[in-house]
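Asker: Provided below are the primary sequence and the corresponding predicted coordinates.
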Amino acid sequence: MAKPKAPRRTLESYTVKSISKTIKPGDCVLMRPSEPSKPSYVAKIERIESDARGANVKVHVRWYYRPEESIGGRRQFHGSKEVFLSDHHDIQSADTIEGKCTVHSFKSYTKLDAVGNDDFFCRFEYNSSSGAFNPDRVAVYCKCEMPYNPDDLMVQCEGCSDW
């Protein structure tokens, strides 16, 4: 006969000892990749739970994908700090959290005075099984008719107001 699963309890917050930071649902975090040569994964905490003794803490996350992890890969207009909120949910050990980060809206990211290592932006949701994006199109600028990349300098023409 199978051993019954130990009851789990939901936590309002949890302090990750290795980074001395407290996380709570809604926070965005950097998570250790399986291969040390890869960049940290970005995830949004949806729920935190532990066993009945308060040990074995697990986080329920919703993953952000980087453009190179999506079907179609990185494109010229993708910013270096761009991530896509996916429909991919997972449960991970809280021990894999390497730090907290901030995922800004595209609009608020473009207004930052300084972009830090832990700042990212998201302008798309991504369906990981179909490869579809929401929204499926964005405004284009410039003579090249590409979406705006916040890493590139754009200059507005004073005569026609085109970028």
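Answerer: Yep, that arrived.

Asker: helices of this structure, start to end?
Answerer: Along the chain, counting by DSSP state H, helices occupy 106-110.

Asker: where does it have low pLDDT?
Answerer: Of all residues in the chain, those with pLDDT under 70 make up the ranges 1-4, 6, 135-163.

Asker: again, only using 80
Answerer: 1-7, 54, 135-163 (pLDDT under 80).

Asker: can you map out the strands along it?
Answerer: Under the criterion DSSP state E, the chain contains strands at 8-11, 14-16, 21-23, 28-31, 41-51, 58-65, 84-93, 97-105, 119-122, 125-126, 133-134, 140-141, 146-147.

Asker: what's in contact with the longest one?
Answerer: Contacts to strand 41-51, defined as Cβ atoms under 8 Å, 6 or more residues apart in numbering, come from residues 6-14, 23-33, 56-64, 66, 83, 85, 89-90, 92, 94, 101, 103, 120. (Glycine included, C-beta is placed from N, CA and C.)

Asker: ChimeraX command for the buried members of the residues you listed?
Answerer: Selecting only the buried entries of the contacts of strand 41-51 in ChimeraX, with 16 or more other Cβ atoms under 10 Å as the criterion:
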select :11,14,23,27,28,29,30,31,32,57,58,59,60,61,63,64,66,83,85,92,94,101,103,120
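
Asker: and the contacts of stretch 26-37?
Answerer: 23, 39-45, 59, 61, 64, 92, 96-103, 118, 120.

Asker: so the residue nearest to residue 83 when sequence neighbours are not counted bridges to which residues?
Answerer: Leaving aside its sequence neighbours, residue 83 sits nearest to residue 64 (Cβ to Cβ, 6 or more residues apart in numbering; 3.8 Å). Going by DSSP bridges, residue 64 is paired in beta bridges with residue 42, residue 85.

Asker: and residue 64, how far from residue 51?
Answerer: According to Cβ to Cβ, to the nearest Å, residue 64 stands 28 Å off from residue 51.

Asker: next: residue 93.
Answerer: From residue 93 to residue 51 the distance is 12 Å (Cβ to Cβ).

Asker: partners of residue 90 in the sheet?
Answerer: Beta-bridge partners, per DSSP bridges, of residue 90: residue 61.
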